[in-house]
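Asks: what shape does this take:
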Amino acid sequence: MRSTAVIAVTVLLRSTEFAQTSPSELKFEVASIRPAPPGGPNAGMDQNPSWVAYRAGQAKSFCMVCISGVHYDNWGAPLKALISSAYQVDARLLVAPDWVNQADTRFVIHAIMPQGSTREQIPEMLRNLLEERFHLVVHRATVEQAGYALVSAKNGPKLKQPGDLDRSACENWAEPNMVNPAGNEICRSSKDVGGLTMNVTMMTHSAWGPLLTETWRGESPGTHNEYYRIAMPKLAEMLTTTLSTGEGGFMPGAGSLVQIVDRTGIEGEWHVWLDRSFDADMTLPSVSTSLEKQGLRLERTTAPVEKLFVDKADRTPTEN
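Replies: Numbers count the residues shown, from 1 in each chain. You can find the predicted model right below:
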């Protein structure tokens, strides 16, 4: 039987719907928002200095959303991604009209942030911009969604005591930088295992704590992850990310979010490992097998999930 991570949603609202209102009036001082040129995500990018430098071989990377001083330049994000970023919600939890979900419904934004404002305040400014220019109205509501509960196996857990990375196992540690503002040091290396090249990444402060990831390609590609200090609620969050399909974060995606809730009753942090197959039909079985070897398992259940519903949005923003 084919395993699938696509989970049906039952539209049972558990909380009272309410109109979304901005908690403050922090706004861009000046903002221009216009439809992006047709032709795909790179259309109109010849106006993006970072893209021009990248294509000319003068830079190693480029930015679609560029922030320099008080200047905010977004070179063509889909409206769904803008809404997801503004309200800080995973795009798979956004319920909107079909036209909002279209990947080619993109907009270019050039704005000036108030003096003294920070990057962390951009979602608030973006939220106010969307509400003003698109007359966007949203509400949040909790729905019951089929998913899985992380529970202890019949004979109890068989978890390792928490530990830490062996930093001496990798020599190429990168210094903390703006990509890792929390000081998440990263080291990358590779090794040959059975004729396959295995890429190894070590992180000191990933979203799931100290983390080692081994990735290999070949006939049965996959990863082996070691989470050296992870609590069960965090493990459930990580499994939600691992088993969900489509693009997540603040990017648009047609996939589904598979909600995992922690019902183990296990307290504290533990050393947990997880093998995952890249074969879509084998992802859930490979993860389940890893958990079962550690005295944990997934059982089907329903879980409350908060979603963001778009009640109203203009197709064309008001004049700049």
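Asks: contact partners for the residue lying farthest from the centre of the chain?
Replies: No residue in the chain sits farther from the centre than residue 155, which is 34.3 Å out by CA atoms, centre = their mean. Going by CB atoms under 8 Å, 6 or more residues apart in numbering, residue 155 touches residue 295. To be clear about C-beta, it is placed using only N, CA and C from the backbone, and glycine gets the same treatment.
Asks: what of residue 278?
Replies: Taking CB under 8 Å, 6+ apart, one finds 221-223 in contact with residue 278.
Asks: can you report phi and psi for it?
Replies: Main-chain torsions, residue 278, degrees, to the nearest 10: phi -80, psi -10.
Asks: picking that back up, secondary structure element for the residue farthest from the centre of the chain?
Replies: Element membership for residue 155 (DSSP states H and E) is empty, with no helix or strand holding it.
Asks: do you know how far it is from residue 296?
Replies: Distance of residue 155 to residue 296, computed by CB to CB, to the nearest Å: 11 Å.
Asks: now swap in residue 99 and tell me
Replies: Counting by CB to CB, the gap from residue 99 to residue 296 is 42 Å.
Asks: tell me which of these two has more neighbours.
Replies: Using other CB atoms under 10 Å, the more surrounded residue of residue 99 and residue 296 is residue 296, with 24 against 10.
Asks: domain map for the protein?
Replies: Domain ranges of the chain: 15-144, 145-306, per automatic domain parsing.
Asks: so where do the strands sit in the stretch 151-300 of the chain?
Replies: Listed in chain order, the strands of the stretch 151-300 of the chain (DSSP state E, counting those that start in this stretch) span 173-174, 186-193, 196-206, 209-216, 222-231, 260-262, 269-277, 296-312.
Asks: for the stretch 1-150 of the chain, same thing?
Replies: Secondary structure of the stretch 1-150 of the chain by DSSP E, counting those that start in this stretch: the strands cover 9-13, 30-35, 65-68, 71-78, 94-95, 106-112, 137-152.
Asks: residue 65: neighbour count?
Replies: Around residue 65 there are 14 other residues, counting by other CB under 10 Å.
Asks: my error: substitute residue 81 in the last question.
Replies: With other CB under 10 Å as criterion, residue 81 counts 25.
Asks: re earlier: adding distance to residue 312 and mean pLDDT, write the domains of the chain out as CSV.
Replies: Putting the domains of the chain into CSV (distance: least, CB to CB, whole Å; pLDDT from 0 to 100) gives the following:
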stretch, distance to residue 312, mean pLDDT
domain 15-144, 4, 88
domain 145-306, 19, 87
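Asks: noted, bye for now.
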